[in-house]
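Novice: Here you go, sequence then predicted model.
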Amino acid sequence: MGTALITGASSGLGLEIAWELAAEGNDLVLVARNAERLAAIAEQMKQVADIQVEILPSDLSTEAGALAVADRVSSTNRPIGLLVNNAGFGLGQDVVGGDLDRELEGLDTMVRAILITCHAAAAAMKQRGYGGILNVASMSALTAQGTYSAHKAWVRTFTEGLAASLKGTGVTVSALCPGLIYSEFHERSHVDSSQWPSIAFSEPSTIARIAIDGVRHGRVIVTPTVRYKVAAAMLRVAPRSLVRAFAGPGLSGRE
Ligand SMILES: NC(=O)c1ccc[n+]([C@@H]2O[C@H](COP(=O)([O-])OP(=O)(O)OC[C@H]3O[C@@H](n4cnc5c(N)ncnc54)[C@H](OP(=O)(O)O)[C@@H]3O)[C@@H](O)[C@H]2O)c1
């Protein structure tokens with residue numbers, strides 16, 4: 001895959017995707033806001049995997065942050081073979097009565113930044129005739145959990161359209177739609193994750209391996225694990241009134 005750029009590489013799924021790619025000998029560009037954390041991870045990876053690791057500390061909720069990543073993606077110096085748009089977070093609030101700045105931060109990070117970086121990657125990769133883009137959506141894309149579901153539905157639909165636009169160019173585009181994953185996600189969004197049984201969760205390393213395998217096979221939609229494949233099939237055929245009733249904002253389990 002050459003050099004892979006991963007956003008949200010400082011913890012959880014993004015970190016595991018980075019380790020998987022490092023173990024295969026790919027050079028990496030790690031993006032997140034926490035520069036100190038990225039530097040420590042990069043040092044560890046260089047020692048363990050004997051690869052080149054750049055860090056690009058950026059806040060993707062800002063235009064400058066998203067454009068900095070887009071610039072790196074467009075660069076012909078050590079071209080990016082795989083772009084992984086993984087950075088994201090739960091809003092931890094209902095849009096009704098919630099903080100508008102928090103809503104906009106979510107939109108900018110999980111929608112606007114993905115549009116900006118994919119726009120850059122699609123052009124650069126199409127010109128080279130190879131490359132891959134992996135956008136992390138969620139099972140929530142098929143539910144009705146408010147703004148977060150809407151963002152992830154955008155990621156899923158946008159990815160499908162981009163994949164169709166780039167068909168035959170040598171560039172693949174995939175949307176990863178996982179269910180619950182053990183990570184810092186729930187703690188950061190003040191959601192009590194103990195309300196769900198442990199069987200509903202997957203290890204981020206498992207999801208990372210499935211995601212990379214999906215990219216290798218050029219799959220447009222990657223839904224990890226059998227139980228979430230079944231859930232996705234049910235959500236696609238269920239009447240939306242039922243989805244709203246059973247997988248609406250109440251499902252997010254905010255504290
Ligand atoms: N955990 C789940 O159950 C679950 C399920 C389905 C989908 N997902 C999706 O999986 C992706 C990864 O989440 P995770 O579970 O691994 O959560 P996580 O452990 O909280 O990791 C989130 C990552 O995103 C980065 N990030 C957050 N806001 C950012 C910003 N404004 N700019 C740059 N980086 C930012 C964080 O780093 P910094 O704080 O250092 O910036 C961190 O590296 C997200 O897109 C999430 O929506 C998660």
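Specialist: Structure received. Residues are numbered from 1 along each chain as shown.
Novice: Tally up the residues packed near A175, please.
Specialist: If you count neighbours by other Cβ atoms under 10 Å, A175 ends up with 27. Placement of C-beta: from N, CA and C, glycine included.
Novice: should've said A4
Specialist: Residues near A4, counting by other Cβ under 10 Å: 26.
Novice: Which positions in the stretch 1-150 of the chain make contact with the ligand?
Specialist: Within the stretch 1-150 of the chain, the positions near the ligand by Cβ under 6 Å from any ligand atom are 7-14, 32-34, 37, 58-61, 86-89, 109, 136, 138.
Novice: of the residues you listed, buried ones?
Specialist: Neighbour counting by 16 or more other Cβ atoms under 10 Å classes 7-14, 32-33, 37, 58-61, 86-89, 109, 136, 138 among those as buried.
Novice: Tell me which of the residues you listed fall in strands.
Specialist: Per DSSP state E, strands hold the following members of those: 7, 32, 136.
Novice: Pick the one among those residues closest to A233.
Specialist: Within those, proximity to A233 (Cβ to Cβ) peaks at V136, which comes in at 20.5 Å.
Novice: Not counting sequence-adjacent ones, nearest residue to that closest one?
Specialist: N86 (4.4 Å; Cβ to Cβ, 6 or more residues apart in numbering).
Novice: show me what contacts the one you found?
Specialist: Shown in contact with N86 (Cβ atoms under 8 Å, 6 or more residues apart in numbering): 6-9, 13-14, 17, 134, 136.
Novice: go again using 10 Å as the cut-off
Specialist: Contact analysis of N86 by Cβ atoms under 10 Å, 6 or more residues apart in numbering lists 6-9, 12-18, 31-32, 114, 134-136, 176, 208, 211.
Novice: One more: L38?
Specialist: By Cβ under 10 Å, 6+ apart, the neighbours of L38 are 9-10, 15, 18, 30-32, 53-58.
Novice: Then V84?
Specialist: Contacts of V84 by Cβ under 10 Å, 6+ apart are 4-9, 13-14, 17-18, 21, 28-29, 31, 117, 132-136, 174, 176, 208, 211-212, 215.
Novice: Tell me how many other residues crowd R216.
Specialist: Residues contacting R216 under the criterion other Cβ under 10 Å number 12.
Novice: let me redo that: G92
Specialist: Residues within reach of G92, counting by other Cβ under 10 Å, total 18.
Novice: Determine the three-state secondary structure at it.
Specialist: Following DSSP: H, G, I helix; E, B strand; the rest coil, we place G92 in the coil state.
Novice: and if you look at E54?
Specialist: Per three-state DSSP, E54 ends up strand.
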